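> compute the structure for the input listed below.
(chains A and B)
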Amino acid sequence: MNKLIVSPSPHDENYLKTSAIMLNVIIALLPAYIAGCIYFGLRAVAVGAVCVGTSVLFEFLCRKLMKRENTIGDLSAVVTGLLLAMNLPSTIPLWIAAIGSFVAIVIVKQLFGGLGQNFANPAITARIVLMVSFPAAMTNWVAPFTHSVDEIDGLSSATPLVLEQLSGTTDHDLVPSYLDLFLGKTGGCIGETCALALLIGGLYLAARKIISLAAPLSFIGSLFILSWISGSDPVYQILAGGVFIGAFFMATDYATTPITTKGKIVFGLGCGIITFVIRQFGSFPEGVSFSILLMNVLTPYIEQLTRTKVFGAKEAEKE
Amino acid sequence: MKKLNGIQLKHRKNTENSSTVEFPVPAKVKIPMSMHMGAPCTPLVKAGDTVKVGQKIGDSDAAFSAPIHSGVSGTVKAITEYRNAMGAVCKAIEIETDGKQEISDEVRPPVINTKEEFIKAVRESGAVGLGGAGFPTHIKMNPKTEIDTLVLNGAECEPYITADYREMIEHPDDVIGGIRLVKEKLGIKWAKLAIEANKPEAIKNFTEMAAKDDTIDIVTLPSSYPQGAEKVIIYNSTDRIVKEGELPSDEGVIVMNISTIAFLYRYSKTGMPLVTRRLTVDGNAVGEPKNISTVIGTSFHELLDFCKTDIDSLRKVIAGGPMMGMSVPDIEMPVVKTSNALLAFKSYDERKTSSCIRCGRCVNVCPLGLMPAEIDKAYRIKDIDDLKKLKVMLCMNCGSCTYVCPANRKLAETNQLAKSLIPRK
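Okay, the predicted model is just below:
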């Protein structure tokens, strides 16, 4: 007879593993990434391959160097790489994309303890680091379907938010129509333009109960309402830029956002407000990345204030 | 009314239609002196003594305890040391049976006129909570506060187990009789018989039986684990919240398992103390899953053989359900008063634990609204103040958090370890 295994209860478990969750996130990201590849061509495929490849490589090397268990099997590095690629313009030099992976995986994630321990979203932080380090390369947008044979020099374009800032209007002669914005036929980062595909991915994750819609809804909702009150075109504000990718895929990141529903709502509201303030009053046309990073920093405090109410618990006695 | 969190489990009630089978009296039984919460009993017999069925063989002077009786007639072979599944050591009486099953003179229907006589009779019956916790029933029945509601726990929310269900299907009159007996003797106004929605036949039967009795209410519990947890069943059947540090009786409620109450009814008629019990034998190593009624002290090994289990293939054996049961190191251990199931598995997936990804699943499933992920973090840095704030002491170890954790973190176990860090007042 075998030696019996003795372990504490429960002896049953469900079968959704960390890697399965990550795989679902990858599946949910794919529609928007594929849309980006269609709009911006093979170059977008190359950026994706480099980001995912280097992210996994850095994760592997970093864990090895730190003499820790290899964790590439949990697929979280693939998610980070893909998300990073989707946050870069298709024209980005590939070596800069690789630096982005290094920042995301090594500096933001592994140096803070690896999966689940990082306080800031790796992809967002890498995007911001690249944005301040290589501002020209990070804003070299091309218009969709204009990538030429050599794949680098498409027709230069600006993002919808830049167009709006320059023209001071959302007159559709000068800026993209709602439909173009919704379908993603505008200049922008590879994975952020197609709101429709991002929505499909986000709803897929919500349907699989991987994410809660509390943060995305409060993020998009608060931005919509604030833009409306301030007199901007609210539909334009939520469809343009990185709102959908930020709301569905970054404001729902497990490690860097609050756990409770109350906390998630506060997080989303904060993102919406900060995005609005940066767009309206800041010198940057876009504020989604900064808003998420700032709220990441506030997350531990939000957590403290939004803990669950324990059933039947008495208030802590004053000592 | 706020809905409490819970999880959807695969019920795996493979034995729900398996009528109870009597297990033949084994050649040898081993009866531990601690099968209940509270003080262990002292053996009243010694090696060489002959015992009869229903004879008291262990008792204690402590108020918080319950006496132990023999379920067989035969000769005491030895009094040995026995380590139970919890790791505690107590005495055990080993009896070689003679197969005659002669009934002891001690067995006669109790005389019950007053509440005091009733509680005394309950103590003498050796009754303890048969749902698994083993709380001495006579203590439960004698609270300091006024009780107006008796809640009967027919949730049986753990996968596999159908022992209580078979009691409800096979002996519904004993269940109703027991409810009336306890209500009358203790002067309790209302009874709520709470059954999980996955047992429609039992709900239908009892609804018909209690149709003319306004004081007995049949409550259908939602089919989500853990409905059988005391605080959860009280809340879902009476809307009352048992607060931190309180007992159910402080809210005017007593909760009893339906098998316990059916036993009390039979005891009041026959005087035969608690010497047998029904348990479900199941699991993927068991060839023929069954509900078995057997004398307390029968070894698990014999029951597994009886159910055509491939003993050589066993990897894990659980006394109780898969969520809260204890995994046992040795199949020679005996059936005790609280054994509601014996589960045997030939495969057991021991997954590695990985980092918490802060997905919040544990928080979303905790029926009491605890935050296991935060407790885990506070435990690792031994932050006792935070553990107190996180109310870890309220954890009832239902296991839901560990069950849903994608990183396979042993959160329920950590909660129990964290409790030990908090100094007791």
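> in chain A, what residue comes closest to chain B?
Minimum separation of chain A from chain B (CB to the nearest CB) falls at residue A:10, amounting to 3.2 Å. In short, each C-beta sits where N, CA and C put it, glycine included.
> mind listing what the nearest residue to that residue once chain neighbours are set aside touches?
Distances taken as CB to CB, 6 or more residues apart in numbering or on different chains place residue B:399 nearest to residue A:10, at 3.2 Å, with adjacent residues excluded. Going by CB atoms under 8 Å, 6 or more residues apart in numbering or on different chains, residue B:399 touches A:9, A:10, B:323, B:324, B:412.
> with residue B:229 as the reference, measure out to residue B:399.
11 Å (CB to CB, to the nearest Å).
> hmm, back to that, mind checking how far the residue nearest to residue A:10 is from residue B:231?
Taken as CB to CB, the span from residue B:399 to residue B:231 is 15 Å.
> wait, a strand at the residue of chain A closest to chain B?
No: counting by DSSP: H, G, I helix; E, B strand; the rest coil, one finds residue A:10 to be coil, located in no strand.
> for chain B, what are the low-confidence residue spans?
Counting by pLDDT under 70, the ranges of chain B that qualify are B:425.
> would you point out which residue is most central in the chain?
The chain I'm using is chain A. Closest to where the C-alpha atoms of chain A average out (CA atoms, centre = their mean) is residue A:250, at 3.4 Å.
> meant chain B actually
residue B:132 (1.5 Å).
> hmm, it is touching residue B:323, no?
No: contact between residue B:132 and residue B:323 fails when scored by CB atoms under 8 Å: they sit 10.6 Å apart.
> where does residue B:93 land in three-state SS?
Look at residue B:93: counting by three-state DSSP, its state is strand.
> give me the nearest residue to it, chain neighbours excluded.
Sequence neighbours aside, residue B:31 is the residue nearest to residue B:93 in space, at 4.8 Å (criterion: CB to CB, 6+ apart).
> contacting residues for the one you found?
Residue B:31 touches B:57, B:58, B:68, B:70, B:71, B:92, B:93, B:94, B:95, B:296, B:297, B:334, counting by CB under 8 Å, 6+ apart.
> relative to residue B:95, how far out is the fourth one?
In other words, residue B:70. Counting by CB to CB, the gap from residue B:70 to residue B:95 is 6 Å.
> between the two, what contacts are shared?
B:29, B:31, B:51.
> surely residue A:89 and residue A:135 touch.
No: the pair residue A:89 / residue A:135 is not scored as a contact, 11.7 Å apart, by CB under 8 Å.
> of the two, which one has the most company?
A count of neighbours by other CB atoms under 10 Å in any protein chain shown puts residue A:89 above the other of residue A:89 and residue A:135, at 21 against 10.
> need phi/psi at the residue in the stretch 51-200 of chain B positioned nearest to chain A.
At 6.6 Å from chain A, residue B:159 is the closest residue in the stretch 51-200 of chain B, using CB to the nearest CB. Dihedral pair for residue B:159: phi -60, psi 160, per degrees, to the nearest 10.
> and for the one 4 residues further on?
Listed backbone geometry of residue B:163 is phi -60, psi -50, with angles given as degrees, to the nearest 10.
> what's the neighbour count on it?
Residue B:163 has 25 neighbours, counted by other CB under 10 Å.
> tell me the first helix or strand C-terminal of the host helix or strand of residue B:387.
For residue B:387, the host element (DSSP states H and E) is helix B:384-389. Sequence-wise, the next helix or strand downstream of helix B:384-389 (DSSP H and E) is helix B:400-404.
> so is that next one next to chain A?
Yes: using CB under 8 Å from any CB of the partner chain, we find that helix B:400-404 touches chain A at B:400, B:402, B:403, B:404.
> what is the neighbour count of the first one?
It refers to residue B:400. When neighbours are counted by other CB under 10 Å, residue B:400 comes out with 29.
> who's in contact with it?
Residue B:400 touches A:10, B:5, B:6, B:7, B:225, B:226, B:323, B:362, B:365, B:366, B:367, B:412, counting by CB under 8 Å, 6+ apart.
> how close does the third one get to residue B:260?
Separation of residue B:6 from residue B:260 (CB to CB): 24 Å.
> of those two, give the one with the bigger neighbour count.
Neighbour count, other CB under 10 Å: between residue B:6 and residue B:260, residue B:260 has more, with 25 against 22.
> what about residue B:134, neighbour count?
19.
> work out for me the element residue A:226 sits within.
Here residue A:226 sits within helix A:214-230, counting by DSSP H and E.
> list the buried residues of that helix.
Going by neighbour count (16 or more other CB atoms under 10 Å in any protein chain shown), the buried part of helix A:214-230 is A:214-224, A:226-227.
> CA atoms only: put the helix or strand following that helix into PDB for me.
For helix A:214-230, the succeeding helix or strand toward the C-terminus, using DSSP H and E, is helix A:234-239. Extracted C-alpha coordinates of helix A:234-239, given in PDB (Å, rounded to 0.1, in the frame of the first residue of the first chain):
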ATOM      1  CA  PRO A 234     -17.800  62.900 -24.200                       C
ATOM      2  CA  VAL A 235     -18.100  60.200 -26.800                       C
ATOM      3  CA  TYR A 236     -15.000  61.400 -28.500                       C
ATOM      4  CA  GLN A 237     -13.200  61.500 -25.200                       C
ATOM      5  CA  ILE A 238     -13.800  57.900 -24.300                       C
ATOM      6  CA  LEU A 239     -13.300  56.500 -27.700                       C
END
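> residues in contact with the helix or strand following helix A:234-239?
Using DSSP H and E, the helix or strand that follows helix A:234-239 in sequence is helix A:243-245. For helix A:243-245, the surrounding residues in contact (CB under 8 Å, 6+ apart) are A:32, A:86-87, A:189, A:191-192, A:195, A:198-199, A:202, A:219-220, A:223, A:237-238, A:275, A:288.
> so how far is helix A:243-245 off the chain centroid?
From the chain centre to the centre of helix A:243-245 is a distance of 7 Å (CA atoms, centre = their mean, to the nearest Å).
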